[in-house]
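Asks: below is the sequence, then the predicted model.
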Amino acid sequence: MSHDVTYAFATRLVGLGRPVREAGAPAGPGIELSSTYVAGDGPTYGRYTNRTWESLEQVLGDLEGGRALAFGSGMAAVAACLELTPQGGTVVLPRHVYNGTTSLVDELAAAGRLVARRVDPTDTEAVIAALDGADVVWLESPTNPMLEVSDLPTLVAAARARGVLSVVDNTFNTPLLARPLQDGADVVLHSVTKFLAGHSDVVLGALVTGDEPLHTRLHTHRTLHGAIPGPHEAWLALRGMRTLHLRLERACANAAELADRLSGHPSVARVRYPGFGAIVCIELAGGRAAAEHVEESVRLWLPATSLGGVESMLERRRRHPAEPVSVPEELVRLSVGIEDVEDLWRDLDGALRA
(Lines give C-alpha, C1' and ligand atoms only; values in the text may rest on other atoms or scores of the structure.)
Protein backbone atom coordinates (compact mmCIF):
# COMPACT_ATOMS: atom_id res chain seq x y z
CA MET A 1 0.00 0.00 0.00
CA SER A 2 1.15 3.52 -0.75
CA HIS A 3 2.24 5.51 2.28
CA ASP A 4 1.34 8.75 0.49
CA VAL A 5 -2.42 8.15 0.71
CA THR A 6 -4.70 7.95 3.75
CA TYR A 7 -6.92 4.95 3.13
CA ALA A 8 -10.24 4.04 4.75
CA PHE A 9 -10.41 1.26 7.36
CA ALA A 10 -11.90 -1.22 4.89
CA THR A 11 -9.02 -0.66 2.48
CA ARG A 12 -6.37 -0.87 5.18
CA LEU A 13 -7.84 -4.15 6.47
CA VAL A 14 -7.39 -5.64 3.02
CA GLY A 15 -4.05 -4.11 2.08
CA LEU A 16 -1.87 -3.95 5.19
CA GLY A 17 0.40 -6.73 6.46
CA ARG A 18 1.25 -8.00 2.99
CA PRO A 19 4.67 -8.80 1.47
CA VAL A 20 6.62 -6.12 -0.41
CA ARG A 21 5.13 -5.75 -3.88
CA GLU A 22 7.70 -6.97 -6.38
CA ALA A 23 7.81 -9.33 -9.30
CA GLY A 24 7.01 -12.88 -8.25
CA ALA A 25 6.06 -11.94 -4.67
CA PRO A 26 3.03 -13.69 -3.12
CA ALA A 27 -0.11 -11.62 -2.58
CA GLY A 28 -0.30 -12.62 1.08
CA PRO A 29 2.17 -13.48 3.84
CA GLY A 30 3.17 -17.06 4.41
CA ILE A 31 3.18 -18.98 7.68
CA GLU A 32 6.65 -18.82 9.18
CA LEU A 33 7.13 -22.13 10.97
CA SER A 34 10.53 -21.77 12.55
CA SER A 35 11.80 -21.62 16.10
CA THR A 36 15.39 -20.94 15.04
CA TYR A 37 17.07 -18.30 12.87
CA VAL A 38 20.54 -17.80 11.45
CA ALA A 39 22.52 -15.39 13.61
CA GLY A 40 22.86 -11.82 12.39
CA ASP A 41 20.41 -9.05 11.62
CA GLY A 42 16.74 -9.95 11.91
CA PRO A 43 14.90 -12.46 14.10
CA THR A 44 16.95 -14.39 16.63
CA TYR A 45 14.58 -16.87 18.27
CA GLY A 46 10.96 -17.95 17.88
CA ARG A 47 9.85 -16.86 21.35
CA TYR A 48 10.87 -13.27 20.66
CA THR A 49 9.22 -12.63 17.32
CA ASN A 50 7.84 -14.16 14.15
CA ARG A 51 7.14 -12.54 10.80
CA THR A 52 3.62 -13.95 10.69
CA TRP A 53 2.79 -12.37 14.06
CA GLU A 54 4.28 -9.12 12.81
CA SER A 55 1.90 -8.97 9.85
CA LEU A 56 -1.10 -9.38 12.16
CA GLU A 57 0.33 -6.82 14.59
CA GLN A 58 0.88 -4.32 11.80
CA VAL A 59 -2.78 -4.41 10.74
CA LEU A 60 -4.24 -4.26 14.26
CA GLY A 61 -1.79 -1.59 15.41
CA ASP A 62 -2.60 0.58 12.43
CA LEU A 63 -6.35 0.30 13.00
CA GLU A 64 -6.12 1.10 16.72
CA GLY A 65 -3.53 3.82 16.25
CA GLY A 66 -0.69 2.25 18.26
CA ARG A 67 1.70 -0.70 18.38
CA ALA A 68 0.17 -4.14 18.75
CA LEU A 69 1.43 -7.32 20.38
CA ALA A 70 -0.22 -10.68 19.67
CA PHE A 71 -0.65 -13.15 22.55
CA GLY A 72 -1.49 -16.84 22.71
CA SER A 73 -5.01 -16.11 24.02
CA GLY A 74 -7.18 -13.29 25.23
CA MET A 75 -6.51 -14.40 28.80
CA ALA A 76 -2.76 -14.26 28.18
CA ALA A 77 -3.26 -10.63 27.21
CA VAL A 78 -5.43 -10.02 30.30
CA ALA A 79 -2.74 -11.53 32.53
CA ALA A 80 -0.05 -9.34 30.94
CA CYS A 81 -2.12 -6.21 31.64
CA LEU A 82 -2.78 -7.14 35.25
CA GLU A 83 0.97 -7.60 35.73
CA LEU A 84 1.26 -3.83 35.15
CA THR A 85 -0.30 -3.42 38.63
CA PRO A 86 2.35 -3.00 41.33
CA GLN A 87 2.47 -5.50 44.17
CA GLY A 88 -0.51 -4.80 46.45
CA GLY A 89 -1.80 -2.17 44.02
CA THR A 90 -5.45 -1.38 43.35
CA VAL A 91 -7.43 -2.18 40.23
CA VAL A 92 -10.77 -0.45 39.60
CA LEU A 93 -13.04 -2.54 37.38
CA PRO A 94 -16.74 -2.83 36.48
CA ARG A 95 -18.98 -5.00 38.63
CA HIS A 96 -19.76 -6.90 35.43
CA VAL A 97 -16.82 -7.74 33.22
CA TYR A 98 -15.69 -10.71 31.15
CA ASN A 99 -15.74 -13.59 33.64
CA GLY A 100 -12.23 -14.75 32.77
CA THR A 101 -10.99 -11.32 33.84
CA THR A 102 -13.17 -11.49 36.97
CA SER A 103 -11.81 -14.92 37.90
CA LEU A 104 -8.18 -13.90 37.47
CA VAL A 105 -8.66 -10.66 39.42
CA ASP A 106 -10.35 -12.60 42.23
CA GLU A 107 -7.51 -15.13 42.31
CA LEU A 108 -4.85 -12.41 42.45
CA ALA A 109 -6.78 -10.52 45.12
CA ALA A 110 -7.11 -13.65 47.26
CA ALA A 111 -3.35 -14.13 47.04
CA GLY A 112 -2.69 -10.54 48.14
CA ARG A 113 -1.25 -9.63 44.75
CA LEU A 114 -3.72 -6.75 44.23
CA VAL A 115 -6.85 -5.09 45.60
CA ALA A 116 -10.01 -4.97 43.47
CA ARG A 117 -12.51 -2.10 43.61
CA ARG A 118 -15.69 -2.89 41.72
CA VAL A 119 -17.86 -0.08 40.41
CA ASP A 120 -21.00 0.60 38.42
CA PRO A 121 -19.44 1.66 35.10
CA THR A 122 -22.48 3.75 34.18
CA ASP A 123 -21.99 5.96 37.28
CA THR A 124 -19.22 8.19 36.00
CA GLU A 125 -18.81 10.15 39.25
CA ALA A 126 -18.55 6.97 41.31
CA VAL A 127 -15.91 5.52 39.00
CA ILE A 128 -13.87 8.72 39.15
CA ALA A 129 -14.10 8.73 42.95
CA ALA A 130 -12.84 5.14 43.01
CA LEU A 131 -9.76 6.17 41.02
CA ASP A 132 -8.22 7.97 43.98
CA GLY A 133 -5.25 5.92 45.15
CA ALA A 134 -5.75 3.34 42.40
CA ASP A 135 -3.10 2.06 40.01
CA VAL A 136 -5.11 0.61 37.12
CA VAL A 137 -8.65 1.15 35.85
CA TRP A 138 -10.10 -1.65 33.73
CA LEU A 139 -12.96 -0.73 31.41
CA GLU A 140 -15.31 -2.48 29.03
CA SER A 141 -17.93 -0.52 27.11
CA PRO A 142 -20.30 -2.18 26.64
CA THR A 143 -19.68 -4.64 29.45
CA ASN A 144 -19.91 -8.40 29.09
CA PRO A 145 -22.64 -9.60 29.45
CA MET A 146 -24.81 -6.78 30.84
CA LEU A 147 -23.99 -4.36 28.00
CA GLU A 148 -23.53 -1.37 30.31
CA VAL A 149 -22.04 1.65 28.53
CA SER A 150 -19.41 3.90 30.12
CA ASP A 151 -18.35 7.44 29.32
CA LEU A 152 -14.92 6.26 28.20
CA PRO A 153 -13.39 9.63 27.19
CA THR A 154 -14.27 11.16 30.57
CA LEU A 155 -13.06 8.15 32.57
CA VAL A 156 -9.72 7.72 30.79
CA ALA A 157 -9.09 11.47 31.06
CA ALA A 158 -9.79 11.31 34.80
CA ALA A 159 -7.48 8.31 35.12
CA ARG A 160 -4.66 10.04 33.27
CA ALA A 161 -5.02 13.14 35.44
CA ARG A 162 -4.55 10.95 38.53
CA GLY A 163 -1.69 8.88 37.13
CA VAL A 164 -3.89 5.78 36.89
CA LEU A 165 -3.15 3.40 34.02
CA SER A 166 -6.23 2.74 31.87
CA VAL A 167 -6.92 -0.57 30.11
CA VAL A 168 -9.90 -0.85 27.75
CA ASP A 169 -11.16 -4.21 26.54
CA ASN A 170 -12.30 -3.39 22.99
CA THR A 171 -13.28 -6.94 22.01
CA PHE A 172 -16.99 -6.22 21.51
CA ASN A 173 -16.40 -3.07 19.47
CA THR A 174 -13.27 -3.77 17.42
CA PRO A 175 -11.43 -0.67 16.16
CA LEU A 176 -14.19 -0.20 13.58
CA LEU A 177 -16.66 0.90 16.25
CA ALA A 178 -14.33 2.40 18.90
CA ARG A 179 -10.68 3.48 19.15
CA PRO A 180 -9.93 3.94 22.86
CA LEU A 181 -6.33 5.05 22.31
CA GLN A 182 -7.70 8.16 20.63
CA ASP A 183 -9.72 8.83 23.78
CA GLY A 184 -6.53 8.68 25.83
CA ALA A 185 -6.50 5.05 26.99
CA ASP A 186 -3.09 3.56 27.76
CA VAL A 187 -3.70 -0.02 26.62
CA VAL A 188 -6.37 -1.59 24.40
CA LEU A 189 -7.09 -5.29 24.77
CA HIS A 190 -8.66 -7.72 22.29
CA SER A 191 -9.70 -11.30 22.37
CA VAL A 192 -8.71 -11.84 18.74
CA THR A 193 -10.62 -15.12 18.97
CA LYS A 194 -13.86 -13.18 18.64
CA PHE A 195 -14.78 -10.59 15.99
CA LEU A 196 -11.27 -9.91 14.68
CA ALA A 197 -10.55 -13.48 13.57
CA GLY A 198 -14.27 -14.05 13.20
CA HIS A 199 -14.53 -17.71 12.22
CA SER A 200 -14.48 -19.62 15.54
CA ASP A 201 -11.26 -21.42 14.62
CA VAL A 202 -8.59 -19.42 16.47
CA VAL A 203 -7.63 -18.71 20.10
CA LEU A 204 -5.55 -15.52 20.26
CA GLY A 205 -5.29 -12.24 22.13
CA ALA A 206 -3.69 -8.87 21.50
CA LEU A 207 -2.68 -5.66 23.25
CA VAL A 208 -2.18 -2.26 21.62
CA THR A 209 -0.53 0.77 23.16
CA GLY A 210 0.75 4.09 21.94
CA ASP A 211 3.36 4.31 24.70
CA GLU A 212 6.78 2.88 23.87
CA PRO A 213 7.86 2.03 27.45
CA LEU A 214 4.53 0.22 27.99
CA HIS A 215 5.00 -1.68 24.75
CA THR A 216 8.45 -2.75 25.91
CA ARG A 217 7.12 -3.94 29.29
CA LEU A 218 4.34 -5.94 27.66
CA HIS A 219 6.70 -7.43 25.09
CA THR A 220 9.06 -8.46 27.88
CA HIS A 221 6.17 -10.09 29.75
CA ARG A 222 5.13 -12.01 26.65
CA THR A 223 8.68 -13.21 26.06
CA LEU A 224 9.47 -14.25 29.63
CA HIS A 225 6.07 -15.84 30.29
CA GLY A 226 5.98 -17.60 26.95
CA ALA A 227 2.56 -16.14 26.15
CA ILE A 228 3.22 -16.21 22.43
CA PRO A 229 0.80 -16.95 19.59
CA GLY A 230 1.25 -19.81 17.16
CA PRO A 231 2.17 -18.75 13.62
CA HIS A 232 -0.71 -20.69 12.10
CA GLU A 233 -3.23 -19.07 14.43
CA ALA A 234 -1.79 -15.62 13.66
CA TRP A 235 -2.11 -16.31 9.94
CA LEU A 236 -5.72 -17.44 10.30
CA ALA A 237 -6.55 -14.34 12.35
CA LEU A 238 -5.00 -12.05 9.75
CA ARG A 239 -6.95 -13.78 6.99
CA GLY A 240 -10.13 -13.37 9.02
CA MET A 241 -9.48 -9.66 9.57
CA ARG A 242 -9.49 -9.03 5.82
CA THR A 243 -13.30 -9.26 5.88
CA LEU A 244 -13.92 -7.71 9.30
CA HIS A 245 -15.63 -4.62 7.90
CA LEU A 246 -18.06 -6.71 5.84
CA ARG A 247 -18.80 -9.20 8.62
CA LEU A 248 -19.29 -6.53 11.26
CA GLU A 249 -21.50 -4.39 9.05
CA ARG A 250 -23.83 -7.34 8.40
CA ALA A 251 -23.78 -8.60 11.99
CA CYS A 252 -24.54 -5.14 13.39
CA ALA A 253 -27.43 -4.66 10.97
CA ASN A 254 -28.83 -8.06 11.96
CA ALA A 255 -28.44 -7.28 15.66
CA ALA A 256 -30.26 -3.94 15.35
CA GLU A 257 -33.17 -5.59 13.54
CA LEU A 258 -33.43 -8.45 16.03
CA ALA A 259 -33.21 -6.11 19.03
CA ASP A 260 -36.10 -4.10 17.61
CA ARG A 261 -38.27 -7.19 17.07
CA LEU A 262 -37.38 -8.69 20.44
CA SER A 263 -38.39 -5.51 22.28
CA GLY A 264 -42.02 -6.33 21.60
CA HIS A 265 -41.89 -10.09 22.04
CA PRO A 266 -44.29 -11.53 24.63
CA SER A 267 -41.69 -13.98 25.94
CA VAL A 268 -39.02 -11.32 26.49
CA ALA A 269 -39.10 -9.27 29.69
CA ARG A 270 -36.14 -7.04 28.79
CA VAL A 271 -33.82 -6.38 25.87
CA ARG A 272 -30.30 -5.14 26.57
CA TYR A 273 -28.84 -3.49 23.48
CA PRO A 274 -26.68 -0.33 23.56
CA GLY A 275 -27.71 0.76 20.07
CA PHE A 276 -24.56 -0.47 18.36
CA GLY A 277 -22.52 -3.64 17.95
CA ALA A 278 -23.49 -7.24 17.27
CA ILE A 279 -24.27 -8.39 20.83
CA VAL A 280 -27.81 -8.37 22.20
CA CYS A 281 -28.91 -9.72 25.59
CA ILE A 282 -32.45 -10.70 26.50
CA GLU A 283 -34.06 -11.58 29.80
CA LEU A 284 -36.81 -14.15 29.46
CA ALA A 285 -40.21 -13.58 31.06
CA GLY A 286 -40.36 -17.27 31.98
CA GLY A 287 -37.15 -17.13 34.04
CA ARG A 288 -34.30 -19.61 34.03
CA ALA A 289 -36.38 -22.51 32.72
CA ALA A 290 -37.45 -20.48 29.70
CA ALA A 291 -33.86 -19.45 29.00
CA GLU A 292 -32.70 -23.06 29.16
CA HIS A 293 -35.55 -24.08 26.89
CA VAL A 294 -34.49 -21.54 24.26
CA GLU A 295 -30.94 -22.90 24.34
CA GLU A 296 -32.27 -26.41 23.78
CA SER A 297 -34.84 -25.48 21.12
CA VAL A 298 -32.95 -23.38 18.57
CA ARG A 299 -31.79 -25.16 15.42
CA LEU A 300 -29.93 -22.43 13.53
CA TRP A 301 -28.47 -20.48 16.44
CA LEU A 302 -25.50 -22.28 18.00
CA PRO A 303 -25.66 -22.81 21.80
CA ALA A 304 -22.05 -21.92 22.64
CA THR A 305 -19.99 -19.85 25.04
CA SER A 306 -18.02 -17.83 22.50
CA LEU A 307 -19.02 -14.88 20.35
CA GLY A 308 -18.01 -12.82 17.34
CA GLY A 309 -18.06 -15.60 14.74
CA VAL A 310 -19.84 -15.60 11.40
CA GLU A 311 -22.38 -17.97 12.95
CA SER A 312 -24.96 -16.69 15.42
CA MET A 313 -24.52 -18.02 18.97
CA LEU A 314 -26.48 -17.79 22.19
CA GLU A 315 -26.17 -18.95 25.78
CA ARG A 316 -27.59 -18.48 29.26
CA ARG A 317 -24.66 -16.79 30.95
CA ARG A 318 -25.40 -17.85 34.54
CA ARG A 319 -24.69 -21.45 33.60
CA HIS A 320 -21.08 -20.45 34.32
CA PRO A 321 -20.27 -20.50 38.07
CA ALA A 322 -17.88 -17.55 37.68
CA GLU A 323 -20.63 -15.24 36.42
CA PRO A 324 -21.66 -12.74 39.13
CA VAL A 325 -24.96 -13.42 40.90
CA SER A 326 -26.10 -9.94 39.80
CA VAL A 327 -26.37 -11.31 36.25
CA PRO A 328 -29.99 -12.51 35.96
CA GLU A 329 -30.53 -16.26 35.76
CA GLU A 330 -32.81 -15.72 32.78
CA LEU A 331 -30.34 -13.60 30.76
CA VAL A 332 -29.41 -15.02 27.36
CA ARG A 333 -26.55 -13.43 25.42
CA LEU A 334 -26.95 -13.37 21.65
CA SER A 335 -23.88 -13.02 19.45
CA VAL A 336 -25.46 -12.14 16.13
CA GLY A 337 -23.77 -13.47 13.03
CA ILE A 338 -24.05 -12.84 9.31
CA GLU A 339 -26.82 -15.25 8.33
CA ASP A 340 -30.05 -14.07 6.75
CA VAL A 341 -31.89 -12.11 9.43
CA GLU A 342 -35.26 -13.67 8.59
CA ASP A 343 -33.86 -17.15 9.16
CA LEU A 344 -32.38 -16.04 12.47
CA TRP A 345 -35.68 -14.50 13.55
CA ARG A 346 -37.76 -17.50 12.55
CA ASP A 347 -35.55 -19.85 14.57
CA LEU A 348 -35.34 -17.60 17.63
CA ASP A 349 -39.00 -16.59 17.60
CA GLY A 350 -40.03 -20.25 17.39
CA ALA A 351 -37.87 -21.17 20.38
CA LEU A 352 -39.21 -18.23 22.39
CA ARG A 353 -42.86 -18.97 21.64
CA ALA A 354 -42.47 -22.65 22.49
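Replies: Structure received.

Asks: quick one, phi psi at residue 268?
Replies: phi -110, psi 120 (degrees, to the nearest 10).

Asks: give the bridge partners for it, please.
Replies: Judged by DSSP bridges, the bridge partners of residue 268 are residue 284.

Asks: quick one: the helices in the stretch 101-250 of the chain, in order.
Replies: 124-130, 152-161, 174-177, 180-183, 212-225, 231-241, 244-262 (DSSP state H, counting those that start in this stretch).

Asks: I'd like to know which of the ones you listed lies nearest to residue 329.
Replies: helix 244-262 (18.4 Å; Cβ to Cβ). Glycine gets a C-beta too; all of them are placed from N, C-alpha and C.

Asks: give me the contact list for that closest one.
Replies: 9-10, 13, 174, 176-177, 195-196, 198, 268, 271, 273, 275-280, 282, 310, 312, 334, 336-339, 341, 344-345, 348-349 (Cβ atoms under 8 Å, 6 or more residues apart in numbering).

Asks: what segments of the protein are strands?
Replies: Counting by DSSP state E, the chain has strands at residues 67-71, 89-94, 114-119, 136-140, 165-169, 187-191, 205-209, 268-272, 279-284, 302-303, 313-316, 331-335.

Asks: may I see those strands organised as JSON lines, with mean neighbour count and distance to residue 230 added?
Replies: Below are these laid out as JSON lines (neighbours: other Cβ atoms under 10 Å; distance: least, Cβ to Cβ, whole Å):
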{"stretch": "strand 67-71", "mean neighbour count": "25", "distance to residue 230": "10"}
{"stretch": "strand 89-94", "mean neighbour count": "23", "distance to residue 230": "29"}
{"stretch": "strand 114-119", "mean neighbour count": "17", "distance to residue 230": "30"}
{"stretch": "strand 136-140", "mean neighbour count": "26", "distance to residue 230": "27"}
{"stretch": "strand 165-169", "mean neighbour count": "26", "distance to residue 230": "22"}
{"stretch": "strand 187-191", "mean neighbour count": "28", "distance to residue 230": "16"}
{"stretch": "strand 205-209", "mean neighbour count": "27", "distance to residue 230": "12"}
{"stretch": "strand 268-272", "mean neighbour count": "17", "distance to residue 230": "35"}
{"stretch": "strand 279-284", "mean neighbour count": "24", "distance to residue 230": "27"}
{"stretch": "strand 302-303", "mean neighbour count": "16", "distance to residue 230": "25"}
{"stretch": "strand 313-316", "mean neighbour count": "22", "distance to residue 230": "24"}
{"stretch": "strand 331-335", "mean neighbour count": "25", "distance to residue 230": "24"}
